[in-house]
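In: everything below, folded, please.
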Amino acid sequence: QVQLVESGGGLVQPGGSLRLSCAASGSIVSINAMGWYRQAPGKPRELVASASSGGSTRYADSVKGRFTISRDNAENTVYLQMDSLKPEDTAVYYCNAFALVGGAVRWSDYWGQGTQVTVSS
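Out: Numbering: from 1, shown residues only. Sure, this is the predicted structure:
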């Protein structure tokens with residue numbers, strides 16, 4: 001299994017910044033993509049940003065130019081730098097990893113417990 005532990009959420013004013021971190025641990029053989037999703041009340045979970053093990057990234061249109069995802073493959077850690085935050089960025093942010101664990105025959109998605117980000121004055 002893979003455990004994902006997130007940190008860095010909180011309350012910030014519009015225009016402010018936050019940095020989320022997510023560390024993966026467990027019987028990991030390899031991690032392909034790591035990323036961040038978010039879910040606001042009454043809305044479906046959506047992709048915010050993802051990064052492959054090879055370094056390619058993708059972003060939701062709503063966060064392009066404001067958020068930056070990065071990875072430390074050696075530490076199995078992914079970060080999300082969020083700048084110019086807007087009230088509509090308010091949501092629970094979930095870390096995701098697509099990983100292969102020891103003894104498994106297929107890759108699977110793993111999720112963190114979520115961290116609240118609130119953008120409000």
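In: how about the secondary structure of the residue most central in space within the chain?
Out: Nearest to the mean C-alpha position of the chain, by Cα atoms, centre = their mean, lies W36 at 2.4 Å. Assigned state for W36: strand (three-state reduction, DSSP: H, G, I helix; E, B strand; the rest coil).
In: wait, isn't it in contact with Y79?
Out: No. Using Cβ atoms under 8 Å, W36 is not in contact with Y79, being 9.3 Å away. C-betas here are computed from N, CA, C, even on glycine.
In: anything in contact with each of these two?
Out: 20, 22, 69 (Cβ atoms under 8 Å, 6 or more residues apart in numbering).
In: top of those residues by neighbour count?
Out: C22 (25 neighbours; other Cβ atoms under 10 Å).
In: tell me the contacts of the residue lying farthest from the centre of the chain?
Out: Distance from the C-alpha centroid of the chain peaks at G103, with 25.8 Å (Cα atoms, centre = their mean). Neighbouring residues of G103 by Cβ under 8 Å, 6+ apart: S27.
In: quick check, it in a strand?
Out: No. Membership of G103 in a strand is not supported by three-state DSSP, which gives coil.
In: how about stretch 63-72 as PDB, C-alpha atoms only?
Out: This file holds the C-alpha atoms of stretch 63-72, laid out as PDB (Å, rounded to 0.1, in the frame of the first residue of the first chain):
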ATOM      1  CA  VAL A  63      -4.900  27.600 -12.500                       C
ATOM      2  CA  LYS A  64      -2.400  28.000 -15.400                       C
ATOM      3  CA  GLY A  65       0.000  30.800 -14.800                       C
ATOM      4  CA  ARG A  66      -0.800  30.900 -11.100                       C
ATOM      5  CA  PHE A  67       0.000  27.300  -9.800                       C
ATOM      6  CA  THR A  68       3.200  25.400 -10.200                       C
ATOM      7  CA  ILE A  69       3.600  21.700  -9.600                       C
ATOM      8  CA  SER A  70       7.000  20.100  -8.800                       C
ATOM      9  CA  ARG A  71       8.300  16.700  -7.800                       C
ATOM     10  CA  ASP A  72      11.200  15.200  -5.900                       C
END
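In: alright, that wraps it up for me.
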